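Trainee: Please work out how this folds:
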Amino acid sequence: MIRVVLVDDQELVRAGLRLILSAHDDLAIVGEAADGRAGVDLVRRQQPDVVLMDIRMPVLDGIEATRLLTGAGGGPPVLALTTFEDDEVLWGVIEAGAAGFVLKDAPAAELVGAIRVTARGGSWFDPQVASRVLALVRGRRAGRPASSVAALTGRELEVLRLVASGANNLEIAASLHLSERTVKGHVSAIFLKLGVRDRAGAIVRAYDAGIVPGP
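Mentor: Model prediction:
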């Protein structure tokens, strides 16, 4: 069972999400909050498997709420809900540590798939959102040193490609015939060499460097 917390200030949105998720036996909503501060408190109490986090909310917005939940490490992955309208907001949530993005008008099957991928340790980027995030990355890197992707070993590149495909550590281990502990070591080394702190950041770097086809 994947335990989900919904954080969105719009009751109609939460009602729609409840309807979608209730149709799936492996998904359970364990709490709802209408602002970022209440959402952070709720997540810390419930310890869900995934947080669906709206970006624009009163009291505390989704960017700061995500930063609070991911900053110390060990928290549940945050899947940001976006209306795909503001580049700076998209970039802010990536920097805050979100595991991915899903559009509010995405098909129900896509939302459910995003939750399942995120719950098992993967990252999810809606193709439209990913394209804009990559454009932001490239724009911000203009005139800066080349990506540190060149520092990765051959095995680390293999692991990064699988991370970008949405595979979790156990799935990567099975694919490459490695122990899960070895995969965790490779993932940690990748984060260090790329200067990122999570899988979402590593995936953005992988797309930007052409290691995996861009969206």
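Trainee: okay, V133: pLDDT?
Mentor: According to the model's per-residue confidence, V133 sits at a pLDDT of 68.
Trainee: now do A109
Mentor: 92.
Trainee: Could you tell me how far it is located from A167?
Mentor: 20 Å (CB to CB, to the nearest Å). Where you see a C-beta, it was placed from the backbone N, CA and C, and this is true even at glycine.
Trainee: Look at the two and report which has more neighbours.
Mentor: In this view A109 and A167 are compared by other CB atoms under 10 Å, and A167 has more residues nearby, 22 against 9.
Trainee: Leaving out sequence neighbours, find the closest residue to A65.
Mentor: Using CB to CB, 6 or more residues apart in numbering and skipping the chain neighbours, the partner closest in space to A65 is G36 (3.4 Å).
Trainee: Could you report the separation of that neighbour from F125?
Mentor: When CB to CB is applied, the distance between G36 and F125 equals 22 Å.
Trainee: Those two: which is more packed in?
Mentor: Residue environment comparison for G36 versus F125 gives the larger neighbour count to G36, 27 against 24, counting by other CB under 10 Å.
Trainee: For that one, give me its contacts.
Mentor: Each residue near G36 by CB atoms under 8 Å, 6 or more residues apart in numbering is listed here: V7, M53, M57, V59, L60, D61, G62, E64, A65.
Trainee: Please convert the buried members of those into PyMOL selection syntax.
Mentor: Only the buried members of the contacts of G36 enter the following PyMOL selection, criterion being 16 or more other CB atoms under 10 Å:
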select buried, resi 7+53+57+60+61+62+64+65
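Trainee: which of the contacts of G36 lies closest to A114?
Mentor: Out of the contacts of G36, the one with the shortest distance to A114 is M53. That distance is 12.4 Å, counting by CB to CB.
Trainee: now that closest one, which residues is it bridged with?
Mentor: Beta bridges link M53 to V7, A80, judged by DSSP bridges.
Trainee: State the pLDDT value of it.
Mentor: According to the model's per-residue confidence, M53 sits at a pLDDT of 95.
Trainee: Would you mind measuring from it to A151?
Mentor: In this structure, M53 and A151 are separated by 32 Å, where distance is defined by CB to CB.
Trainee: So for the spatially most central residue of the chain, what pLDDT did the model give?
Mentor: Nearest to the centroid of the C-alpha atoms of the chain, with distances taken as CA atoms, centre = their mean, sits A99, at 1.2 Å. Reported pLDDT at A99 in the predicted model: 86.
Trainee: Tell me the first helix or strand C-terminal of the lowest-mean-pLDDT helix or strand in the chain.
Mentor: Of all the helices and strands that make up the chain, the one with the lowest confidence by mean pLDDT, DSSP states H and E is helix 127-141; it has a mean of 64. The helix or strand immediately downstream of helix 127-141 is helix 154-164, counting by DSSP states H and E.
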